[in-house]
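Participant: Next come a sequence and a model predicted from it.
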Amino acid sequence: MKTSPLRPWLLAAPALLLALASCQSGNKSNSGQPDLIQANLDTTVRPGDDFFKYANGTWLKKHPIPASESSWSIGQEVQDEVYARLRALNEEATKAKAAAGTTQQKIGDFWATGMDSVTADKQGIAPLKPELDRLAALRTPADVQAAIARLIPLNVNALIGPFVSQDNKNSEKMALYLYQAGLGLPNRDYYFNKDKRTANIRKEYGGHVAKMLELMGEDAATAQRHSAQLVKLETALAGSSRKLEALRDPYANYNKMAVADLNKLTPGLDWKPWLAQMELGKVDSVIVGQPEFYREAGRLLRTTPIEDWKAYLQWQLLHTYATYLSKPIDNENFRFYGTVLQGRKEQRARWKRVLDEEEDAMGEVLGQLFVKEYFSPETKARYAKLTENVVGSFREHIQALTWMSDSTKQKALVKLTKITPKVGYPDKWKDYSTLQINRDSYAANMMRASQWKYRYELNKLGKPVDRTEWGMTPQTYNAYYNPSNNEIVLPAAIFAIPGLQDANADDAIIYGYAGASTIGHELTHGFDDEGSQFDEKGNLRNWWSKKDRAAFQQRVNQIVRQFNGYTVLDSLHINGKATAGENIADLGGIVIAFDAFKKTDQYKKGEKIGGLTPTQRYFLGYALGWQGHQRDEVLAQRILTDVHSPASYRVNGPFADVPAFYEAFNVKPGDKLYRPDSARVTIW
């Protein structure tokens, strides 16, 4: 996945979406405006020592992280502009008095309840009271199971993690998966790592849980006792949870079994009625990601006191909906998850947070308005053409490989040919007609939205796979590769660059920014250490010869060692194995899109813009896509939880492996980024 350097769900400003006229007309630039690439440079830094800071240093100095944010990046600059546009659409809808059930009514009512903090403060925990009372009445393990079944559709992280997706070994069918879940901290390592930073977070977490339970109505002593009990319960769940890197092995996380065999995995639990309570009664088989987790979850359901389960489930419900409730609850939730975990100094403006939640609740409703006004069919066609050019370059790279046999090459080429590019926005939109939004409460609207999404996904079971569906909205500043569909999805917003007019968008920038860091990156995901295990139809199947697979794995091991060697913060270093797929995709995107760029008129003419050669501008264009910085707290969190390397290493790391980079910036032995030929990684 090609995420923003810092937040994967960023929106992008429609007014800034780049047309590719420059890709067709050479390197013409508007001399009336300063060159954006040159303006970002920090020439006090040698490009061979730290190219990320050389490329973005001046921008970083001019854009400190706001107090309300844990990070700041090019994507958030873009997002700020789109926020204003979406706010105007919402405010207009709120005043429109639209007919019930219409898109405008749903947008208007969602906005009205989201912005009504006075009513939220008056209501307190009242929107959750019926569910909290049900949890308080639990008496038996069967009651606990029934409660979990009620909470799952509400998007509550209640012990188990069911979801619907294509069967990894039969991409024509939708399957039910069960994955590890149930933790209040970001992942299992937070419960066990002994470094001072993580130990302090654990301590703070216990206090936070107790405070939230007090705000729910418990006295201080009871809240402290319940906090200790539920943290102990979560620690047991964490102990049976797999590490980040282990979750990237598709074979190890594919354990298909009949529902009856689930009972053997968790003795004493009868899954058939439990699944029926979750509206999954017709399912006859499941794919269990981590059997050892479910074995432990089953044991805990049998042996943990009911009082502990009450506290755990009430806490999980309160945590899920905290930001939609009264100010004291919202503020305490932010204190821990925003400040302690991410280093943010203050809450973001409420109206921005409401827009984020609206995106999550019914993003394609906004998406339809977004593309209608701001992303033309002509612009979509231009980026489709750029995608075609990068695919062509990848084809040539595969054909030229020296480490892969001809028979495996042919299969790789078939897979590449079968990759479906989705550019800009979907041809068919989700139908939200059954989603009910009104003005009773913000939390109630989010509950209904969660239930709608849950049932929308369940409805896919037993039906043909809809390969036209998108997993992101057009206004999302992100992109992804889906191995089961063998597709790359490139939302309209990912192509935006703030502060750059079309006339200044020379080919070099576009091929670096969009061609390498987005299009080439996502294509390469189909051939990284994980994606390469899926065939052209999207099935988990080995299409490699044993010798070729070994040669590929040798190169993967090289990039794992390279990134393992990068220490980022204190004693924290990049997890090379967990981030391998993204690092492979970064490197692949750079070299593939560069060869596509070499076919443009701009590259062939070799004329400088802003004193920079076309090749230099290409690498700077790529670095532009990772422009951003973050607080130490969130950096530490992402080292433990994110499969992406930090932004600066997504520039400096792969560039150190690319010969054209050395030539463009005269990188020599003694420079900090220099790696001898024998150490440079070459894969695709």
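Facilitator: That came through, no problem.
Participant: M257 - that's part of a strand, no?
Facilitator: Yes - with DSSP: H, G, I helix; E, B strand; the rest coil as the criterion, M257 is located in a strand.
Participant: and it, how many neighbours does it have?
Facilitator: Residues lying near M257 (other C-beta atoms under 10 Å) number 15. Every C-beta, even on glycine, is put in place using the N, C-alpha and C of the backbone.
Participant: Equivalent analysis for K194, please.
Facilitator: When counting by other C-beta under 10 Å, one arrives at 6 neighbours for K194.
Participant: which residue packs closest to R448, ignoring adjacent ones?
Facilitator: Take R448 and drop its neighbours on the chain: the residue closest to it by C-beta to C-beta, 6 or more residues apart in numbering is Q436, 5.4 Å away.
Participant: Three-state assignment for that neighbour, please.
Facilitator: Quick answer, by three-state DSSP: Q436 is coil.
Participant: swap in D466?
Facilitator: coil.
Participant: My guess is G343 contacts Q637. True?
Facilitator: No - contact criterion C-beta atoms under 8 Å: G343 and Q637 do not qualify, at 9.2 Å.
Participant: who has more neighbours, these two?
Facilitator: Q637 (23 against 19).
Participant: Surely the more buried one touches L341?
Facilitator: Yes - using C-beta under 8 Å, Q637 is in contact with L341, at 5.7 Å.
Participant: Need the overlap of contacts for these two.
Facilitator: P186 (C-beta atoms under 8 Å, 6 or more residues apart in numbering).
Participant: buried ones in whichever strand in the chain runs longest?
Facilitator: Identified as the longest strand of the chain according to DSSP state E is strand 170-180. With burial defined by 16 or more other C-beta atoms under 10 Å, the residues of strand 170-180 counted as buried are N170, S171, M174, A175, L176, Y177, L178, Y179, Q180.
Participant: Out of those residues, which is nearest to I160?
Facilitator: L178 (6.3 Å; C-beta to C-beta).
Participant: ok, now which ones touch the closest one?
Facilitator: I160, G161, P162, V286, I287, V288, G289, Y294.
Participant: which parts of stretch 127-146 are buried?
Facilitator: Counting neighbours by 16+ other C-beta under 10 Å, one finds that the buried residues in stretch 127-146 are P127, L128, E131, L132, R134, L135, L138, P141, D143, V144, Q145, A146.
Participant: The first one reaches R448, doesn't it?
Facilitator: No - between P127 and R448 there is no contact under C-beta under 8 Å: 11.1 Å.
Participant: Check whether N557 sits in a helix, strand or coil.
Facilitator: Following three-state DSSP, the label given to N557 is helix.
Participant: dump the residue contacts of the residue lying closest to K428 once chain neighbours are set aside.
Facilitator: Distance criterion C-beta to C-beta, 6+ apart; nearest residue to K428, sequence neighbours excluded, is T468 at 5.1 Å. Residues near T468 by C-beta under 8 Å, 6+ apart: P426, D427, K428.
Participant: Give me the three-state assignment for the last one.
Facilitator: Here K428 takes the coil state, with states given by three-state DSSP.
Participant: Roughly how far does it sit from K537?
Facilitator: 22 Å (C-beta to C-beta, to the nearest Å).
Participant: Between these two, which is the more surrounded one?
Facilitator: Neighbour count, other C-beta under 10 Å: between K428 and K537, K537 has more, with 15 against 9.
Participant: Spit out the contact partners of that one.
Facilitator: Counted by C-beta under 8 Å, 6+ apart, K537 has contacts S171, K418, N486.
Participant: Please consider this matter closed, and thank you.
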